[in-house]
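Fold the stuff below for me.
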Amino acid sequence: MIGEINKKNISAYQPSQDVLELTAMVKKDYSKGVEILQKPYVELNDRTVLDDENIGQMMFNSFVDTSVEDPNEAWKWRGTRSMARNKAIAMHAQLTGNYLIPLFQAQNDKDEVDLDFSEVMRDLIEWMIQPTVSNYQASFIQVVFGMLSNPVTYLEADFNEVYQKIKEIKNGKVIKKEVLDEVYSGFRANVLSSSQILINNAYERNIQKQKCIIKRKWITYEDAKNKYGENNNFEFVQGGIKSIYNENDGLFYDIHDDEHQELVAEEIYLNRREDSEIVFLNGIYVGDDDVEANPIKHRDNNGNPKYNITPFGYSRIGSHFFFYKSLMNAMQWDNMLIDSMYEIGMNNEILQQEMPYAITGTDKVDSEIIFPKAITAFEDPNVKISPLIPPKNSFGAFGAMKEIEQSMEDASVNKTMSGDLPEASQKAFTVAQAQSNGKRMIKGVGKTLAESIIQFGDLMKDIAINHITAPQVEELVGGKMKLKYRSFFLEDENKKNKTIKFDESLIGQVLSDKQISEKNIALLESGKPLDKQKSIRLVNPEMFAKFKYLTKVDIEEMFTRNQEYWQNLLPQLKGMLAQDPFVDQEKLTKKLLYAFFQSDADSLLKEQKEQPQEQSRVPQTNNDFNPRMMRNEVI
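Now for the predicted structure:
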């Protein structure tokens, strides 16, 4: 999009006036975005965004410059204790103890909350994040790593339908047909670095309020051809060659990109207010012939355009600054100081153990006679060996190191939260207080993470409504077309299979309680739902898409509740809730047994006797009957 132009290399790509004006406008915003990345900010210690990211990543990777030009300095210890990295790993373990999943509150046009549709949306999002469906879980781990070392890391909510050509042999002939490419298709949570997104205002935190954003990444020529090969301008796209627009004469010029030979720069300009999403490949426009007909792909359930990326960071800086302070940035000076102290201390210890000496006299004194238990008689009575450096006490240096380590703990995760056992001399109250303070620190960071997960969950909700639950066209015998909705299967925390089926027969219907009851009974009488390990929920797809879904996150999900946690808590709960009529005693007993015996708990449970078929198939009806409370239900 930008670069140094050589006017001798006029490009074969010379588009229409509409494309020229569009390219000039995008190039101006592109230059502004690059300027923001390359400008030093006081908030980042007078560093640019890119410099802060490079320094943070070197600290996180424990980078040490081992190049030594002076051989007389080669003996010195130069390394790192990796304290900042260790704290970052401990913080990452706390933040990723569970995969954060957004919760949803469904509201109708009267702002009335519907718990059933809220649960369905939650289940759909849980289905979307499964490793067999998308890369969300891997990206969640990666984006938290980015929070610790980078001033900003982005997560993109993308949905694609990409088709590939396959060959089939029928009757000895090769037939080509197009099928859905499952590698590139479906929901994807893509992690993007700070340099891959250009913004227009460094002091506007809300990404949706940015005038425009520009996504940029390098892809292979083959990938570019698969995605944009049918565009009329793709014939001008060449790997490693950019076409740059010159505003002075209105012409395009080709320049060679030696750093990205044979690659193609995919640059996507998005302007939410103008509802524009425009793709350039190496500076060449590959949008619609009508430059006004390039709407943003990601839209909410009301059809409004949205940017489909969410920024993530460790902690906010100031009240308006867009970028974040990473953990590496916060700990940089302490990390440098403790490494310097260790360098001084270790070099002093090396000198104390391998002391340099000054020798006076004529006898030779070297390593030949200096070894354990050596006895040497000198001929020269004036031989004298004196240490060049007086003995030093290192306790002060190592004492200072402990103070620095404590400062780094205060800024991140203490040793107890990291898994280290407390010293025997510490009292239980002191350990509990340290754990409480550490948890409070993590919760503070977790709120920043939760803020981003809420924004990303809102984008996932849009994809669920507009793509995942949207009907698919199915061709029937005779060439007729029919809309078909998908069913979704997932397993809940009690190891029960849950089925969500979007039923087109419910569209346009407003069912009374009696009709809902009849459908529920029909589900029970079908036979399949009778298995206690299965539940089916029929959903009206039209009503589901019309609801407004508010997103939230439970911060407590970050703290893994392991077996030790439940072993201490469940026996007390069992006693407290033993007589509670609203608690399922069988499920509570199972949870208690699984906390102690894991899979062996099944052998301790009594086998449930099956009820007569006639009684189990027809639910009891009374004035308190609520069809939404049934295991198999219609909503």
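
which ones are touching Ala138?
Pro131 (CB atoms under 8 Å, 6 or more residues apart in numbering). Just so you know, the C-beta spots here come from the backbone N, C-alpha and C atoms, and that holds for glycine as well.

Keeping just the C-alphas, turn the strand or helix carrying it into PDB.
Following DSSP states H and E, one finds Ala138 within helix 136-149. What follows is helix 136-149, C-alpha atoms only, in PDB (Å, rounded to 0.1, in the frame of the first residue of the first chain):
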ATOM      1  CA  TYR A 136     -11.000 -21.200  20.000                       C
ATOM      2  CA  GLN A 137      -9.400 -23.100  22.800                       C
ATOM      3  CA  ALA A 138      -5.900 -23.000  21.300                       C
ATOM      4  CA  SER A 139      -6.400 -19.300  20.400                       C
ATOM      5  CA  PHE A 140      -7.600 -18.500  23.900                       C
ATOM      6  CA  ILE A 141      -4.300 -19.900  25.400                       C
ATOM      7  CA  GLN A 142      -2.300 -18.000  22.700                       C
ATOM      8  CA  VAL A 143      -4.100 -14.700  23.200                       C
ATOM      9  CA  VAL A 144      -3.400 -14.800  27.000                       C
ATOM     10  CA  PHE A 145       0.300 -15.300  26.200                       C
ATOM     11  CA  GLY A 146       0.000 -12.200  24.000                       C
ATOM     12  CA  MET A 147      -1.500 -10.200  26.900                       C
ATOM     13  CA  LEU A 148       1.500 -10.800  29.000                       C
ATOM     14  CA  SER A 149       4.100  -9.700  26.500                       C
END
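
Now do it, average pLDDT.
Mean pLDDT, helix 136-149: 95.

Buried residues, that helix. List them.
In terms of neighbour count (16 or more other CB atoms under 10 Å), helix 136-149 has its buried residues at Tyr136, Ser139, Phe140, Val143, Val144, Phe145, Gly146, Met147, Leu148, Ser149.

what pLDDT does Lys242 get?
Looking at Lys242, its pLDDT reads 93.

so how many other residues sit close to it?
Using other CB atoms under 10 Å, Lys242 has 23 other residues around it.

Can you get me the centre-to-centre distance for the helix or strand harbouring it and its chain?
Per DSSP H and E: Lys242 is located in strand 241-246. Taking CA atoms, centre = their mean, to the nearest Å, one finds strand 241-246 lying 34 Å from the centre of the chain it belongs to.

do the same with stretch 68-81
Counting by CA atoms, centre = their mean, stretch 68-81 is centred 38 Å from the centre of its parent chain.

Quick check: buried residues in that stretch?
The neighbour-count check on stretch 68-81 (16+ other CB under 10 Å) flags Thr80, Arg81 as buried.

End to end on it, go ahead and measure it.
End-to-end distance for stretch 68-81: 20 Å, by CA to CA, to the nearest Å.

Touching it from outside, list them.
62-66, 335, 338-339, 342-343, 346-347, 350.

what comes up buried for the strand holding Lys242?
Residues of strand 241-246 classed as buried: Ile241, Lys242, Ser243, Ile244, Tyr245 (neighbour count, 16+ other CB under 10 Å).

Touching, His467 and Phe159? I think so.
Yes - with contact defined as CB atoms under 8 Å, His467 reaches Phe159; the gap is 4.8 Å.

Mutual contacts of these two, please.
With contacts defined as CB under 8 Å, 6+ apart, the residues adjacent to both His467 and Phe159 are Phe187.

Neighbour count for those two, which is higher?
Phe159 (21 against 14).

my guess is the more buried one contacts Gly186, does it?
Yes - using CB under 8 Å, Phe159 makes contact with Gly186 at a distance of 6.9 Å.

Would you list the phi and psi of Gln57?
Here is the backbone geometry of Gln57 (degrees, to the nearest 10): phi -70, psi -40.

now it, nearest residue through space, not along the chain?
Ser149 (5.2 Å; CB to CB, 6 or more residues apart in numbering).

name the element Met121 belongs to?
helix 115-128.

Just the closest of the buried residues of strand 241-246 to Leu103, please.
Lys242 (45.4 Å; CB to CB).

where's the closest one relative to Leu281, distance?
For Lys242, the distance to Leu281 equals 10 Å [CB to CB, to the nearest Å].

shared neighbours of these two, which are they?
Here Lys242 and Leu281 have Ala265 as joint contacts, going by CB under 8 Å, 6+ apart.

which residues does the residue nearest the centre of the chain contact?
Residue closest to the average C-alpha location in the chain (CA atoms, centre = their mean): Phe140, at 2.8 Å. Going by CB under 8 Å, 6+ apart, Phe140 touches Thr96, Tyr99, Leu100, Ala189.

do the same with Phe280
Met1, Thr23, Val26, Ala265, Glu266, Glu267, Ile268, Tyr269, Val286 are the contacts of Phe280 under CB under 8 Å, 6+ apart.

Likewise for Met543?
Met543 neighbours (CB under 8 Å, 6+ apart): Phe117, Leu506.

Can I get the one helix or strand it maps to in PDB? Just the C-alpha atoms.
Element membership for Met543 (DSSP H and E) is helix 541-546. This file holds the C-alpha atoms of helix 541-546, laid out as PDB (Å, rounded to 0.1, in the frame of the first residue of the first chain):
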ATOM      1  CA  PRO A 541     -35.300 -20.700  14.900                       C
ATOM      2  CA  GLU A 542     -37.300 -17.600  14.000                       C
ATOM      3  CA  MET A 543     -37.900 -16.600  17.700                       C
ATOM      4  CA  PHE A 544     -34.300 -17.500  18.600                       C
ATOM      5  CA  ALA A 545     -32.900 -15.000  16.000                       C
ATOM      6  CA  LYS A 546     -35.200 -12.200  17.100                       C
END
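
And the next helix or strand past it?
Downstream of helix 541-546, the next assigned helix or strand under DSSP H and E is strand 548-552.

Helices along the stretch 1-150 of the chain, start to end?
17-38, 49-60, 83-95, 115-128, 136-149 (DSSP state H, counting those that start in this stretch).

Relative to Ile10, which of those is closest?
By CB to CB (comparing all of these), the closest turns out to be helix 17-38, at 14.6 Å.

If you count neighbours, what's buried in the closest one?
19-20, 22-23, 26-27, 29-30, 32-34, 36-37.

and that helix, what other elements does it pack with?
Contact analysis of helix 17-38 by 3 or more CB pairs under 8 Å, 6 or more residues apart in numbering; DSSP states H and E lists helix 49-60, strand 197-198, strand 213-220, strand 241-246, strand 263-271, strand 276-281, strand 284-285 as its packing neighbours.

quick one: strands adjacent to the last one?
Strand 284-285 has its sheet partners listed here by DSSP bridges as strand 276-281 (antiparallel).

Now do the strand it pairs with, average pLDDT.
97.

Quick check: next helix or strand after the strand holding Lys242?
Using DSSP H and E, the helix or strand that directly follows strand 241-246 along the chain is strand 251-256.

List the contacts of that following strand.
Applying CB under 8 Å, 6+ apart, the contact partners of strand 251-256 are 3-7, 9-11, 13-15, 240-246, 283.

Okay, angle between that strand and helix 17-38 too, please.
Between the axes of strand 251-256 and helix 17-38, defined by axes from the mean of the first three to the mean of the last three CA atoms, to 10 degrees, the angle is 50 degrees.
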